[in-house]
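Peer 1: Predicted structure and sequence below. I'll ask about it afterward.
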Amino acid sequence: MNVSIIGAGPSGIEAANVLAKQGVAVTLFEKSSSALKNIADKAFLFPNFAAAADIVEIMNKKLLSQNITLKTDTDIVGLVREDNGGWKTVDSKGQSHYSDAVLLATGYTPFDAHRKEELGYGIYGGVVTSLEMEKMIRYDQVVNSLGERPKRVAFLQCVGSRDEKSGNHYCSKICCVTAVKQAIELKKRMPDTEVYVFYMDLRMWGQHFEELYRQSQQEYGVRYVRGRISEAAGTFDGRVQIKAEDTLMGLPLKMTTDLLVLMVGMEASEGTRCLAKATGICGDYGFAQTKDPHIDDCLTAQEGLFACGTCKRPMSINDAVNDGRAAALAILDMAK
């Protein structure tokens, strides 16, 4: 049996690892120049603040199997079921690859903050995304638009998620706890910096996440404001003025901050949208749709075509890894 896996993120690699251990020949396609691109620039992972680089190293070692062939810089643009029940994948160079089964692990893409013009991303230097803040933390380069250590930082939740204007009504699941984690990291490095988190409501999904939120307040003095930021504008001294509302107090609010961090949500990647549409499994918001969210969540309506990880919906890394294992077991079950 041979399997094609499209996407070398945590779910795709974990699925490849499980299948390879069972003697299955796996071809893993990745459009980027290396695996795990969505983790590589991260600093630390919640809830235990494990170094992302360590997780990347562990995951990459799982690719060191004679049963796994990793093809980087290979963008799969076509997916067709053959008359014999197998599958043909076609890459952007026009080359065809054949396998008995295909696993979609095409992942997500971050919401483009430019679409929220009122928040000033790409206009004012002090407005950054959560991904950019992650890099700042990793490389210890947390500075404002003037290259100075910020005295005040504001985080804004739900940028591109739970937002009718952007067309995404769903929660991206990881943004709340990511803001809490990044706020703690900032306070560890700059104890005197004021840190604010603006939120609609905080969704601490996992074990230890609520404790992390509490720790950020009690030990690090992070301040939480219930309310959305409606507008951001630049100031003459390179800072950012924000307008918001404290919905608990019922009062309008103005604040000047050195950095405004936009917690961008997850959207279906271009590869997910393209291949899901081509195979008739395109679901809500462009994500891949599976047979059943409870029992058959890795199976699709197409026999021999499986899906795992964030190509289905927003997930944390540990959720994606576990989903990759589940997909591998579903593929092995098909082969019996």
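Peer 2: Perfect, I can see it now.

Peer 1: use CA for all of it now, contacts and neighbours both
Peer 2: Will do.

Peer 1: and Leu212, how many residues sit next to it?
Peer 2: 19 (other CA atoms under 10 Å).

Peer 1: which other residues reach the host helix or strand of it?
Peer 2: Using DSSP states H and E, Leu212 maps to helix 209-218. With CA atoms under 8 Å, 6 or more residues apart in numbering as the test, helix 209-218 has contacts from 47, 177, 180-181, 183-184, 204, 222-223.

Peer 1: Please list the members of those that lie in helices.
Peer 2: Among those, DSSP state H puts 177, 180-181, 183-184 in helices.

Peer 1: can you list these in JSON lines and add pLDDT and neighbour count?
Peer 2: Shown next, in JSON lines, are the ones in helices among the contacts of helix 209-218 (pLDDT from 0 to 100; neighbours: other CA atoms under 10 Å):
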{"residue": "Val177", "pLDDT": "96", "neighbour count": "21"}
{"residue": "Val180", "pLDDT": "97", "neighbour count": "26"}
{"residue": "Lys181", "pLDDT": "97", "neighbour count": "22"}
{"residue": "Ala183", "pLDDT": "98", "neighbour count": "25"}
{"residue": "Ile184", "pLDDT": "98", "neighbour count": "23"}
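
Peer 1: What is the nearest of these to Thr300?
Peer 2: Nearest to Thr300 among the ones in helices among the contacts of helix 209-218: Val177, at 30.6 Å, using CA to CA.

Peer 1: tell me the mean pLDDT over stretch 203-221?
Peer 2: Across stretch 203-221, pLDDT averages out at 95.

Peer 1: helices or strands up against the worst-scoring helix or strand of the chain on mean pLDDT?
Peer 2: Of all helical and strand segments in the chain, the minimum by mean pLDDT, DSSP states H and E falls on helix 37-40, at a mean of 87. On a contact count with 3 or more CA pairs under 8 Å, 6 or more residues apart in numbering; DSSP states H and E, helix 37-40 meets helix 52-61.

Peer 1: Which parts of the stretch 151-300 of the chain are helices?
Peer 2: 175-189, 209-218, 270-278 (DSSP state H, counting those that start in this stretch).

Peer 1: tell me which residues in the helix holding Leu212 are buried?
Peer 2: 209-210, 212-213, 216 (16 or more other CA atoms under 10 Å).

Peer 1: Now render those as CSV, adding distance to Lys243.
Peer 2: Below are these laid out as CSV (distance: CA to CA, whole Å):
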residue, distance to Lys243
Phe209, 29
Glu210, 28
Leu212, 28
Tyr213, 25
Ser216, 24
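
Peer 1: From Tyr220, how far out is the residue nearest to Gln141 when sequence neighbours are not counted?
Peer 2: Nearest residue to Gln141, sequence neighbours excluded (CA to CA, 6 or more residues apart in numbering): Lys135, at 7.9 Å. Here Lys135 is placed at a distance of 21 Å from Tyr220 (CA to CA, to the nearest Å).

Peer 1: Count the residues that sit near Gly107.
Peer 2: 32.

Peer 1: ditto for the one 10 residues further on
Peer 2: Each residue near Glu117 was counted by other CA under 10 Å, and the total is 12.
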